[in-house]
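Student: I'll drop the sequence and a predicted model, then ask my questions.
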Amino acid sequence: MRRIGILGGAFDPPHIGHLIIANEVRISLKLDEVWFIPSNVPPHKHPTKFGATDRVKMVELAIENEPTFRVNTIEMERKGKSFTIDTMQTLRKNYPHDEFYFIIGADMVEYLPKWYQIDELTKLVTFVGVERPGFTLHKSPYHFIHVEVPFMDISSTLIRNRLEKREPITYFVPDAVAAYIKERT
């Protein structure tokens, strides 16, 4: 049995905050791997700046030096809106002996009661909550494990805004991701 962390999101683009969160949760919970699952169409976000293929490639580049990190394209392959329940049902079917830990920010912990089919979802996965700038972890009617991570006020939105203003994104994203974005903008 493997213990697998799941970090889903648009990754538009992936940044060092994603990597730090994944690594801190991996260490804290003694996970065997962390799977990064880029959303095809996030159900609660605006359209992405970067296309699906670019976002998958950027995640691959971001995690290439960490052997316990993997990209899983299950949501890209399924097409349509990316609901966590659909993803976790498929993962549980394909990997019935593994334990899954779904990593979410404090903003999503607050939003859990509104997640699609949340009661069924809690039977398939253990949620892991991490703090985010502007949000603190409050009690939730749904169980989650709190993992402390270094507080970094970096977001994909911040990086996209810097790109729009033609400001550097050095140190916000891994060098390989910065080079990839530079080639395409």
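Tutor: Structure received. Numbering: from 1, shown residues only.
Student: So which residues of this structure form helices?
Tutor: Remark: helices assigned in the chain by DSSP state H are 16-29, 52-63, 74-78, 84-94, 106-111, 118-121, 156-164, 175-184.
Student: and the second one, what does it pack onto?
Tutor: Here helix 52-63 is seen to pack against helix 16-29, strand 33-38, strand 69-71, helix 175-184 when contacts are counted using 3 or more C-beta pairs under 8 Å, 6 or more residues apart in numbering; DSSP states H and E. Using the backbone N, CA and C atoms, a C-beta is placed for each residue, glycine as well.
Student: and if we set it to 7 Å?
Tutor: Packed against helix 52-63 by the contact rule (3 or more C-beta pairs under 7 Å, 6 or more residues apart in numbering; DSSP states H and E) you find strand 33-38, strand 69-71, helix 175-184.
Student: now the ones you listed as a markdown table including mean pLDDT?
Tutor: Listed next are the helices and strands packed on helix 52-63 as a markdown table, based on pLDDT from 0 to 100:
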| stretch | mean pLDDT |
| --- | --- |
| strand 33-38 | 97 |
| strand 69-71 | 98 |
| helix 175-184 | 96 |
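Student: Could you pull up the residues touching I104?
Tutor: Neighbouring residues of I104 by C-beta atoms under 7 Å, 6 or more residues apart in numbering: 127-129.
Student: Quick check: PyMOL command selecting the buried ones in those.
Tutor: The buried subset of the contacts of I104, as determined by 16 or more other C-beta atoms under 10 Å, is captured in PyMOL by this line:
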select buried, resi 127+128+129
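Student: Include pLDDT and distance to W35 when you put the contacts of I104 into CSV, please.
Tutor: Putting the contacts of I104 into CSV (pLDDT from 0 to 100; distance: C-beta to C-beta, whole Å) gives the following:
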residue, pLDDT, distance to W35
F127, 98, 15
V128, 98, 13
G129, 97, 18
